[in-house]
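# here is a sequence with its predicted model. Questions after.
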Amino acid sequence: GQQLNQSPQSMFIQEGEDVSMNCTSSSIFNTWLWYKQDPGEGPVLLIALYKAGELTSNGRLTAQFGITRKDSFLNISASIPSDVGIYFCAGYVDAGNMLTFGGGTRLMVKP
Amino acid sequence: DTAVSQTPKYLVTQMGNDKSIKCEQNLGHDTMYWYKQDSKKFLKIMFSYNNKELIINETVPNRFSPKSPDKAHLNLHINSLELGDSAVYFCASRGGNTIYFGEGSWLTVV
């Protein structure tokens, strides 16, 4: 079955630093989604990517859909304490398929 | 208004009991899901329904039975609860190519 490898598993950074995390797939995806999960809450969609090579920003967040369609990355610039949480990548081949999740990147930000 | 809402948020129950988690979405979506998140935070799909019909049924014990009375509701009933069922259960719905999650139901079986 499809698998998503997300790295790093966890990051502990200083406030103000930039953060980068990525996901790789064993097969091609046509949609990549990035979610953030705060403690005690459900995943909230941050960025959706629908086209190979697409680069999309949402405030301090930037995500890219890899050209090979087998990877995606998420960057967070100038991190702040409220960026703390678990970030998940997710993808699927088409809307009729199930969404496959990466294992998550746990981000901790030191003020 | 919460787009995808599920109840209860917290549930503590004894082994062997039967319990239900309810989910409702007010987004007008046709497709709804149940996901399970384990202690390592890994999210795994359990069921997918499209317009009240079961589309995906992953390898889930048949003690878990989803029910969709209409396309805005997808409830999860669990029979004979076991310790290993303790997890967070997320309901979700799909609009276009985007999936929206509820806030989760924390189930603890003791």
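Cool, got the structure.
# can you tell me the strand partners of the helix or strand harbouring A:T56 and which way each runs?
Assessed by DSSP states H and E, A:T56 sits inside strand A:55-58. Here strand A:55-58 has these sheet partners by DSSP bridges: strand A:61-65 (antiparallel).
# ok now the strand it pairs with, how far from the chain's centre?
Averaging C-alpha positions (C-alpha atoms, centre = their mean, to the nearest Å) puts strand A:61-65 8 Å from its chain's average.
# got a list of what the residue nearest the centre of chain B touches?
Note on chain B: the residue nearest the mean C-alpha position is B:W34, at 3.5 Å, using C-alpha atoms, centre = their mean. Residues near B:W34 by C-beta atoms under 8 Å, 6 or more residues apart in numbering or on different chains: B:23, B:45-47, B:66, B:74, B:76, B:89-92. Heads up, the C-betas are built off the backbone N, CA and C, glycines and all.
# right, and the helix or strand after the least confident helix or strand in chain B by mean pLDDT?
Lowest mean confidence among the helices and strands of chain B (mean pLDDT, DSSP states H and E): strand B:53-57, at a mean of 80. Remark: after strand B:53-57, the chain's next helix or strand is strand B:64-70, criterion DSSP H and E.
# and B:I56, how far from B:H77?
Distance, B:I56 to B:H77, by C-beta to C-beta, to the nearest Å: 18 Å.
# can you point out the helix or strand that includes A:M11?
Using DSSP H and E, A:M11 falls in strand A:10-14.
# average pLDDT for that strand?
Across strand A:10-14, pLDDT averages out at 96.
# show me what it is packed up against.
Packed against strand A:10-14 by the contact rule (3 or more C-beta pairs under 8 Å, 6 or more residues apart in numbering or on different chains; DSSP states H and E) you find strand A:19-25, strand A:105-110.
# quick one: which of the ones you listed is nearest A:A90?
strand A:19-25 (8.4 Å; C-beta to C-beta).
# hmm, who's touching the worst-scoring helix or strand of chain A on mean pLDDT?
Lowest by mean pLDDT, DSSP H and E among the helices and strands of chain A is strand A:100-101, with a mean of 88. Residues from elsewhere that reach strand A:100-101 (C-beta under 8 Å, 6+ apart): A:2-4, A:25, A:88-92, B:42-44.
# got any ranges where the chain has weak pLDDT?
All of this is about chain A. A:1-3, A:95-97 (pLDDT under 70).
# nope, chain B please
In chain B (pLDDT under 70), the answer is B:1-2.
# ranges for the strands of it?
Here chain B has its strands, by DSSP state E, at B:4-7, B:10-13, B:19-25, B:31-37, B:43-50, B:53-57, B:64-70, B:73-78, B:87-95, B:98-101, B:105-109.
# quick check: closest non-adjacent residue to B:D85.
In space, and not counting its chain neighbours, B:D85 is closest to B:V109: 5.2 Å by C-beta to C-beta, 6 or more residues apart in numbering or on different chains.
# gap between stretch A:36-43 and the chain center?
Counting by C-alpha atoms, centre = their mean, stretch A:36-43 comes out at 14 Å from the chain centroid.
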